[in-house]
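J.: build the 3D model from these lines:
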Amino acid sequence: MEITFKLNGRPVTVDVKPNEILLDVLRFKLGVKSVKRGCERAECGTCTVLLDGNPVYSCTVLAPQVRNREVITIDYLIHTGELRPLLDAFADIGAVQCGFCTPGFLMTSYAFIKRNPNPTDEEIRKAVEGNLCRCTGYKKIIEAIKLAARKMHS
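T.: Modelled structure (predicted):
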């Protein structure tokens, strides 16, 4: 079946199978390699994209579900500069180690900070609880998100 949706600000049309997941469409049919394959069970958050502004695991969204909707990937947010405060905060605080989980944390955090400009540590923990990091204790990630929220809304 053919679907059309907006990807990173531009309309795209692609042929998909009814049971094809968005992750595979983005990576293999549209060449978006920044969306990483992780657990494929909605447990790690590494494949997170924004669907109509909300973070979702692209491994659990069927491609036909995005018809006439908007999908934003980390590439777009970096290109537009909207992610700069988060990128800088993650670097300044040292919240990145291996980097595998980082795109998912950044996408989830970006959407969260847009809705909550002055989050508490507990609110941040709750917002990112679907993202798994195997390298850190999350302390620096939470600090980075809090710093980015201050930068984005100052």
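J.: packing partners of the helix or strand hosting Ile78?
T.: In this structure, Ile78 sits in helix 74-80 according to DSSP states H and E. On a contact count with 3 or more CB pairs under 8 Å, 6 or more residues apart in numbering; DSSP states H and E, helix 74-80 meets helix 102-115. All C-beta atoms are positioned from the backbone trio N, CA, C, and that covers glycine.
J.: contacts for the helix it packs on, please.
T.: With CB atoms under 8 Å, 6 or more residues apart in numbering as the test, helix 102-115 has contacts from 34-36, 38, 44-50, 53-55, 73-74, 77, 82-83, 86-87, 90, 95-96, 119, 124, 127-128, 130-131, 133, 141, 145, 148-149, 152-153.
J.: could I get that helix in PDB with only the CA atoms?
T.: Output of helix 102-115 as PDB, limited to C-alpha atoms (Å, rounded to 0.1, in the frame of the first residue of the first chain):
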ATOM      1  CA  THR A 102      21.700   9.200  23.100                       C
ATOM      2  CA  PRO A 103      19.300   9.800  20.100                       C
ATOM      3  CA  GLY A 104      16.400   8.300  22.000                       C
ATOM      4  CA  PHE A 105      17.200  10.300  25.100                       C
ATOM      5  CA  LEU A 106      17.500  13.500  23.100                       C
ATOM      6  CA  MET A 107      14.200  13.000  21.200                       C
ATOM      7  CA  THR A 108      12.300  12.200  24.400                       C
ATOM      8  CA  SER A 109      13.900  15.000  26.300                       C
ATOM      9  CA  TYR A 110      13.300  17.500  23.500                       C
ATOM     10  CA  ALA A 111       9.500  16.700  23.400                       C
ATOM     11  CA  PHE A 112       9.300  16.800  27.200                       C
ATOM     12  CA  ILE A 113      11.100  20.100  27.700                       C
ATOM     13  CA  LYS A 114       8.900  21.700  25.000                       C
ATOM     14  CA  ARG A 115       5.900  20.800  27.300                       C
END
